[in-house]
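1. Sharing a model prediction with you, sequence too.
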Amino acid sequence: MSARRIDGKAAALALRHKVADGVAAFRETVGRAPGLAVVLVGEDPASSVYVRSKGKATVEAGMDSIEHKLPDTTSEADLLALVDQLNNDAAVDGILVQLPLPGHIDSAKVIDAIAPAKDVDGFHIENAGRLAVGAEAMVPCTPLGCLHLLKTELGDLTGMDAVVIGRSNIVGKPMAMLLLGESCTVTIAHSRSKDLPALVRRADIVVAAVGRAEMVRGDWIKPGATVIDVGINRIASDDGKSRLVGDVAFDEAAEVAGAITPVPGGVGPMTIAMLLRNTLVAAHRREGLQDPQL
Ligand code: NDP
């Protein structure tokens, strides 16, 4: 391996410490802790794990964690009523409704019911629009975490060629907007793109957010490029168990790249750290304070 391994765990820990300091300062100024409400509908095992770890991280940062666990029989109307109640609750700065929701609930309707100022996931259409026009927005946590790693690794990104593979509203599109905001030349690739390897070979920065195990091969990578692997895929391993891999064939790509994130331990830990950051930022904005320096 010749590439530097980008340590997302260490970067996330450092950011979480900064957020905790920011929370302490906020408490001192405002006289209360920032509050994050997390809503879980049903008992999907992966979602339950995410919600538990988000709650734990929130409390560790010194913020109030308000958890609402609802049965999977909850009606859309009842969920919308809860969101409305949280929108109007002065102790709640951030609202996160864990996805996916059960099939009988329209996720888009629920996301659009969240007050944009409390939308710490950054999925509300108003926040997506604000990001697109370069206005102050709540930005989705995963791409924000990727950008943090890239800027820490590379400094100024101006003029760099970036390829984002994936165009979801949660990762690919906001990632592309953030990179454009940093004056990169951005290509967004997707399942209909022609000759993906050739597109990727041009890139100084590759962000893979596809959901296909080890799809991006080593010989697609330009020597010295920085590779950010968002993918989380579980595959069978030789010992009959399973293991997590990214969207990039790590060992191959690490021979060519300048720097690369591992899976696990790369982008994943940054997502929760950015959720805490967004909650602290939302709390500051609601109180009319300047954004904290993080
Ligand atoms: P989506 O399924 O919503 O989007 C996947 C994107 O990849 C789509 O735009 C799709 O194109 C594109 N794609 C699919 N197949 C190909 C292909 N063969 N060639 C090129 N592009 C392709 O996924 P998400 O954006 O939600 O997530 C992507 C990955 O990131 C997943 O593995 C997910 O688990 C992971 N993830 C990790 C997070 C973290 O915290 N680390 C957080 C969020 C997601 P098209 O639009 O044409 O269908």
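-> Everything's here; your move.

2. Which parts of the protein are strands?
-> Under the criterion DSSP state E, strands of the chain are mapped to 4-5, 35-41, 64-70, 94-97, 161-165, 185-189, 205-208, 226-229, 233-236, 242-245, 259-260.

3. helices or strands up against the fourth one?
-> Using 3 or more Cβ pairs under 8 Å, 6 or more residues apart in numbering; DSSP states H and E, the elements in contact with strand 94-97 are strand 35-41, helix 76-87, helix 267-286. (Glycine included, C-beta is placed from N, CA and C.)

4. So which of the ones you listed is nearest the ligand?
-> helix 267-286 (3.6 Å; Cβ to the nearest ligand atom).

5. Please see if the closest one touches the ligand.
-> Yes - residues of helix 267-286 contacting the ligand under Cβ under 6 Å from any ligand atom: 267-268, 271.

6. ok, and the most crowded of these?
-> The residue in these with the most neighbours, by other Cβ atoms under 10 Å, is V267 (30 neighbours).

7. Make JSON lines from the helices and strands packed on strand 94-97 and add distance to E153 to it.
-> Listed next are the helices and strands packed on strand 94-97 as JSON lines, based on distance: least, Cβ to Cβ, whole Å:
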{"stretch": "strand 35-41", "distance to E153": "29"}
{"stretch": "helix 76-87", "distance to E153": "37"}
{"stretch": "helix 267-286", "distance to E153": "12"}
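
8. Show me which residues of the stretch 51-200 of the chain are close to the ligand?
-> So the stretch 51-200 of the chain meets the ligand at 142, 165-168, 170-172, 189-193, 196 (Cβ under 6 Å from any ligand atom).

9. Can you pull the phi/psi pair for the residue with the largest distance to the centre of the chain?
-> Centroid-distance maximum for the chain: D239 at 31.6 Å, with Cα atoms, centre = their mean. Main-chain dihedrals, D239, degrees, to the nearest 10: phi -80, psi 10.

10. before we move on, the earlier item: could you save the residues of the stretch 51-200 of the chain next to the ligand as TSV and add columns showing pLDDT and distance to G211?
-> Below are these laid out as TSV (pLDDT from 0 to 100; distance: Cβ to Cβ, whole Å):
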residue	pLDDT	distance to G211
T142	98	13
I165	99	10
G166	98	8
R167	98	12
S168	98	9
I170	96	11
V171	98	10
G172	98	11
A189	98	14
H190	98	12
S191	98	11
R192	98	16
S193	98	15
L196	98	15
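
11. how close does the closest residue to P264 other than its chain neighbours sit to L147?
-> Closest residue to P264 apart from its sequence neighbours, by Cβ to Cβ, 6 or more residues apart in numbering: L244 at 5.3 Å. L244 sits 23 Å away from L147, going by Cβ to Cβ, to the nearest Å.

12. out of the helices and strands packed on strand 94-97, nearest to E67?
-> Comparison of the helices and strands packed on strand 94-97 against E67 by Cβ to Cβ identifies strand 35-41 as nearest, at 5.4 Å.

13. residues contacting the residue nearest to P264?
-> 232-234, 263-264 (Cβ atoms under 8 Å, 6 or more residues apart in numbering).

14. Flag the shaky bits of this structure, pLDDT-wise.
-> Applying pLDDT under 70 to the chain flags no residue at all.

15. Which residue ranges make up each domain of it?
-> According to automatic domain parsing, the chain is divided into the following domains: 30-135, 141-268.

16. so of these, which one's packed in deepest?
-> domain 141-268 (a mean of 19; mean count of other Cβ atoms under 10 Å).

17. right, and V59 touches E67 too?
-> No - counting by Cβ atoms under 8 Å, V59 stays clear of E67, with 10.5 Å between them.

18. Please name the residues that touch A208.
-> 165-166, 215-216, 227-231, 246-248.

19. for V248, same thing?
-> 206, 208, 214-216, 227, 229, 231, 260, 263.

20. How about the backbone phi and psi for the closest residue to I6 other than its chain neighbours?
-> If the residues on either side of it in the chain are set aside, I6 comes closest to T261, at 4.6 Å by Cβ to Cβ, 6+ apart. Backbone torsions of T261, given as degrees, to the nearest 10, read phi -90, psi 140.

21. Next one: T261 from the ligand, what distance?
-> 9 Å (Cβ to the nearest ligand atom, to the nearest Å).

22. Please apply the same query to K241.
-> Taking Cβ to the nearest ligand atom, one finds K241 at 19 Å from the ligand.

23. cool, S75 as well?
-> 26 Å.

24. cool, V51 as well?
-> Taking Cβ to the nearest ligand atom, one finds V51 at 14 Å from the ligand.

25. what's near enough to touch the nearest residue to that residue once chain neighbours are set aside?
-> Nearest residue to V51, sequence neighbours excluded (Cβ to Cβ, 6+ apart): L40, at 4.7 Å. Applying Cβ under 8 Å, 6+ apart to L40 gives the contacts 47-48, 51, 67-70, 98.
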